[in-house]
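K.L.:
make a model of this:
(2 chains)
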Amino acid sequence: MPVRTVVVDDSLLVREGVLRLLEFDPGIEVIAACGDPAQALRTVAETQPDVVLTDIRMPPTHTDEGISLAHTLRELYPDVGVVVLSQHVSAEYAIGLLDQGSAGRGYLLKDRLHDLEMLTGALADVAAGGCRVDPLVVHALASERGATESPLDQLTPRENEILADIAEGASNQAIADRRVLTRRAVEKHASSIFQKLGLTDDPGGNRRVKAVLVYLAEPGR
Amino acid sequence: MKARSRDSALVLGVGAALAAAGAAVTATSPFAHTALTVAAVAVCVFLPFAVAAELRSRYPGRLLAVLLIAIGVTYFVRSLAAIDSTATYAPARVLGQFSELLLVWLMLAFPSGRLPRPWSLAIVIVGALSLALLWWPMIAFSAHIPAGGLFILCGRDCPANSLLIADRPSLGSTLESLFRGVGLTVVLATAAVLAARLERASRVMRRIIAPVLIASLLRTTAVAAYLALGSVPAVRALLVISYLGVPVGIVIGLVRGRSYDAAALERLVRGLRARPGPAQLRHVMSNALEDPSLAISYWLPEADSYAGEDGLIVELPGPGEERGVTRVAGPDGAPVAALLHDPALLDHPQLLDALASTAALALETNRLEAAVAAARAGTITAVDAERRRIERDLHDGTQQRLIALRMKLSVAERILGDDGGRARGVLDEIGGDIDAALQEVRAVSHGIAPPVLVERGLPDALAAVAGRTPLRVTVDAEGITRCPPHVETAVYFCCLEALQNVEKHAGAGASADIDLSCDGEALSFVVRDNGDGFDPDAVGSGAGLKNIRARVEELGGSATIAGRPGGGTEVRGSIPLAA
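P.N.:
Residues are numbered from 1 along each chain as shown, chains lettered A, B, ... in the order given. This is a model prediction of the structure:
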């Protein structure tokens, strides 16, 4: 069964390029191509695809329509995966995409669209409910924290396990149940993880999403 | 000017003639009189004419001079009662009383010539009615017109009343008492109205009307004394003095007004010497004129109207309204500004003329500065919009085309498969070239208008910057929402510049804090580092720091850069949200 994919981009050139490139992978079937988010929503309603591959910046405001589209689809069709194509290496946009859950979401840099294997891999992963974030984005985030080596190396095995749980979107309570820990112990581990990843001074919930990004970026996680 | 002085001469001539005639009539009167009485008659008749002549030359067309002339004439008529003749005596008594009404009218109408509603007008009307309904009827029903008042010399042997209709002594004395009661009420009310007016008056106005008020109080006292004590010599003297006090008060008020003109001009010239800026000019002018309510509106040719100092369009008040208006024109006659001021200043046309021409240059400078500021704000906004448009064009056009091109190349490589041979190597190179081109386009468009800044605002944009520098940077931007684009852009590039400076000077391992705060009027930023610091006086401000200052000041803000060796550096700036 090929992954049924809808492509959304306001640039005709890019749309055509993606279609022609994806033709080389029999695992992906492009069932429709749309030029704006509104058309995309109608198409998804009609075709129920496995995954939507969308540009981030589209009409009408040319800012982050792709992320809004992902949020809308999360509410209307939670089973449909969304891969957002972005020009922004800044982690802020990826955080915006993932702050309502990382399951079935992907964030790729548009510059690397031509890398067919990476693209189809991400589409298949996300269609299956996984999460993919472009390594370059995570790398930028890691260097934002001043880390040169893999930050995960500093974590204890237990902390690595718990970070993996966080990355799956589990709450502290769920992690406590799964790992047979008290909730307070999970919170202590979590704050130790944030500290080691250099995420101490971030306000609010972004910390959790950033930790997930760092985790996702690690090869062989 | 000639017509005016001829006019004055005519008034003075008539006054002198009437004064001489009045004095002659008194001097030749068969009734008892002294030289002092003769002199008093001459002065009382002449003085109103003299003041009227002065008023006519200063305020042509105002009713005041006419009232004064009428007062002089009625006093002359009054003096005719000194003739021992039934033909003149009664008419002189009837008409002579008009001088009291005219005097009240004059005091109430000074200095504008108008009778303000409702009180002043009511007082004059009541006075006129009391003459018509009480004074005349009293004479018509009294064989012996009650003696008294100024210059009535005949005492008990007055000529017969030629205007007598019927002799009804009791009716006559009732009417007389009523007339006196109403008369006293009128003079008291006049004093009260003037006192209230003085209290409300601006400082300029106060100087002018205070002497007239004093005269009117004196007059009230005299009339009250006369009604209480009768026509004893001391009261008569007080009546003469208080009567003369009114024109004298007017003259003193005018002189004080004129000395005010001179002092105001001197203050203005002294204030303008310090070259006041737009903010201080109003202060200088209001100080000079002693008019705290003074406001300046500048002429906006594009809008074809005047705008206040806040830049809002102002509708100038018309004549006769609460505020006086003086328009200031440039040397070419084009409008420059309008001054809104105390209407009392309209009585100082020479002062306003002098003021307008003295301040015209300063006002024109300010007007141009305001226009330049407005144009600059427009330019900044336009430049900002243009940057964003270029960024968008680069993104929507060039970047998308390059991405598509890169994908097509990928397609070509796949079609070639493994058979490409040497062509594959070339295609790889082309791929690398396209990637490089993409990066360059991105860097350029980012330098023009960073998309994170445009789309997500300052906190995110600065967080992204913090991520890109090798320094440890924390950003505190709590509560910062979106600001006008030109302010965001300026603060963004200032912080960027400051961080680059930290990188250059603060040494390895330095960290920096960025603090943003917004009070609703201005967006402020502080960039602090813990590096080696530098002495801004010693090395001068670096080019980067100069750029910060220029960028901030261009938008009407201010920036300071402070650093001590060993103590780090602090760059502070603040930019008003309104252009």
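K.L.:
got the residues of chain B near chain A?
P.N.:
Applying the criterion Cβ under 8 Å from any Cβ of the partner chain, the portion of chain B that neighbours chain A consists of B:392, B:395-396, B:399-401, B:403-404, B:406-411, B:414, B:431, B:435, B:438-439, B:442, B:451-452, B:454-456, B:460, B:463-464, B:466-468, B:472, B:474, B:478. C-beta: built from backbone N, CA, C; applies to glycine.
K.L.:
of those, select the buried ones using a ChimeraX command.
P.N.:
To isolate in ChimeraX the members of those that are buried, counting by 16 or more other Cβ atoms under 10 Å in any protein chain shown, one can use:
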select /B:392,395,399,400,403,404,406,407,408,409,410,411,431,438,442,451,452,454,455,456,460,463,464,466,467,472
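K.L.:
how is chain A partitioned into domains?
P.N.:
Recorded structural domains for chain A (assignment: automatic domain parsing) are A:3-140, A:145-217.
K.L.:
any idea which of those has the lowest pLDDT on average?
P.N.:
The stretch with the lowest mean pLDDT among the domains of chain A is domain A:145-217, at a mean of 76.
K.L.:
gap between it and the chain center?
P.N.:
Here domain A:145-217 is found 17 Å from its chain centre; the criterion is Cα atoms, centre = their mean, to the nearest Å.
K.L.:
related to what we said a few turns ago, so which of the residues of chain B next to chain A are in strands?
P.N.:
Secondary structure of those is defined by DSSP state E; positions in strands are B:472, B:474.
K.L.:
need the pLDDT of B:Gly15.
P.N.:
According to the prediction, B:Gly15 has pLDDT 92.
K.L.:
and chain A, which residues reach chain B?
P.N.:
Residues of chain A found near chain B (Cβ under 8 Å from any Cβ) are A:10-11, A:13-14, A:16-18, A:20-21, A:24, A:57, A:62-64, A:87-88, A:90-93, A:110-111, A:113-116, A:140-141, A:143-144, A:146, A:201, A:203.
K.L.:
for beta bridges, what are the partners of B:Gly324?
P.N.:
Counting by DSSP bridges, B:Gly324 is bridged to B:His341.
K.L.:
that one against B:Asp342, yeah?
P.N.:
Yes. B:Gly324 is within contact range of B:Asp342, at 6.3 Å (criterion: Cβ atoms under 8 Å).
K.L.:
between these two, which contacts overlap?
P.N.:
Residues touching both B:Gly324 and B:Asp342 do not exist when contact is defined as Cβ atoms under 8 Å, 6 or more residues apart in numbering or on different chains.
K.L.:
out of the residues of chain B next to chain A, which sit inside helices?
P.N.:
Assignment to helices by DSSP state H places the following of these there: B:392, B:400-401, B:403-404, B:406-411, B:414, B:431, B:435, B:438-439, B:442, B:451-452, B:454-456, B:460, B:463-464, B:466-468.
K.L.:
over to the residue lying farthest from the centre of chain A: give its phi and psi.
P.N.:
In chain A, the greatest distance from the average C-alpha position (Cα atoms, centre = their mean) is reached by A:Thr182, at 29.6 Å. Main-chain torsions, A:Thr182, degrees, to the nearest 10: phi -80, psi 160.
K.L.:
who's in contact with the closest residue to it other than its chain neighbours?
P.N.:
When the adjacent residues along the chain are set aside, A:Thr182 lies closest to A:Ala176, with 6.2 Å between them (Cβ to Cβ, 6 or more residues apart in numbering or on different chains). With contacts defined as Cβ under 8 Å, 6+ apart, A:Ala176 is in contact with A:182-183, A:185-186.
K.L.:
returning to what we had before: out of the residues of chain A next to chain B, which end up buried?
P.N.:
Buried members of the residues of chain A next to chain B, counted by 16+ other Cβ under 10 Å: A:10-11, A:13-14, A:16-18, A:20-21, A:57, A:62-64, A:87-88, A:90-93, A:110-111, A:113-116, A:140-141, A:144.
K.L.:
of these, which belong to helices?
P.N.:
A:13-14, A:16-18, A:20-21, A:91-93, A:116, A:140-141, A:144.
K.L.:
let me know the secondary structure of residue 194.
P.N.:
Because you didn't say which chain, this covers chain A. State at A:Phe194, reduced to three classes by DSSP: H, G, I helix; E, B strand; the rest coil: helix.
K.L.:
for it, grab the count of nearby residues.
P.N.:
19 (other Cβ atoms under 10 Å in any protein chain shown).
K.L.:
repeat that for B:Thr398.
P.N.:
Each residue near B:Thr398 was counted by other Cβ under 10 Å, and the total is 16.
K.L.:
then B:Ser524?
P.N.:
18.
K.L.:
show me the strands in chain A, by range?
P.N.:
In chain A, the strands defined using DSSP E lie at A:3-8, A:28-34, A:51-55, A:81-86, A:105-109, A:131-133.
K.L.:
again, but for chain B
P.N.:
Remark: strands of chain B, listed N- to C-terminal, are B:295-300, B:305-307, B:313-314, B:324-329, B:335-341, B:472-476, B:511-518, B:522-529, B:558-563, B:569-576; assignment by DSSP E.
K.L.:
the fourth one: which residues count as buried?
P.N.:
Meaning strand B:324-329. Going by neighbour count (16+ other Cβ under 10 Å), the buried part of strand B:324-329 is B:324-326, B:328.
K.L.:
convert the C-alpha atoms of that strand to PDB, please.
P.N.:
The C-alpha atoms that make up strand B:324-329 are tabulated as PDB, following Å, rounded to 0.1, in the frame of the first residue of the first chain:
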ATOM      1  CA  GLY B 324      -8.600  85.200  19.900                       C
ATOM      2  CA  VAL B 325      -6.700  84.200  16.800                       C
ATOM      3  CA  THR B 326      -3.700  85.900  15.300                       C
ATOM      4  CA  ARG B 327      -2.400  84.600  11.900                       C
ATOM      5  CA  VAL B 328       1.300  84.800  11.200                       C
ATOM      6  CA  ALA B 329       2.400  85.000   7.600                       C
END
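K.L.:
contact partners for the residue positioned nearest the centre of chain A?
P.N.:
A centroid search over chain A (Cα atoms, centre = their mean) returns A:Gly106, at 3.0 Å, as the residue closest to the centre. The neighbourhood of A:Gly106, defined by Cβ under 8 Å, 6+ apart, consists of A:81-84, A:122-123, A:125-126, A:130-133.
K.L.:
how does it look with 10 Å?
P.N.:
Shown here is A:Gly106, whose contacts under the criterion Cβ atoms under 10 Å, 6 or more residues apart in numbering or on different chains are A:51, A:53, A:70, A:81-85, A:94, A:97-98, A:119, A:121-123, A:125-127, A:130-134, A:216.
K.L.:
so what's B:Tyr392 up against?
P.N.:
I think there's a mix-up here, since residue B:392 is Arg and not Tyr. By Cβ under 10 Å, 6+ apart, the contact list for B:Arg392 reads A:57, A:62, B:445, B:448-449, B:451, B:454.
K.L.:
pipe the residues you listed into CSV and attach distance to B:Cys154 per row.
P.N.:
CSV is the format used below for those (distance: Cβ to Cβ, whole Å):
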residue, distance to B:Cys154
A:Arg57, 109
A:His62, 105
B:Ser445, 109
B:Ile448, 104
B:Ala449, 102
B:Pro451, 107
B:Val454, 101
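K.L.:
among those residues, find me the one that's closest to B:Ile139.
P.N.:
The shortest separation between B:Ile139 and any of the contacts of B:Arg392 is 93.8 Å, and it belongs to B:Val454 (by Cβ to Cβ).
K.L.:
please report how far the nearest residue to that closest one once chain neighbours are set aside lies from B:Glu488.
P.N.:
Leaving aside its sequence neighbours, B:Val454 sits nearest to B:Arg388 (Cβ to Cβ, 6+ apart; 6.1 Å). Relative to B:Glu488, B:Arg388 is positioned 11 Å away (Cβ to Cβ, to the nearest Å).
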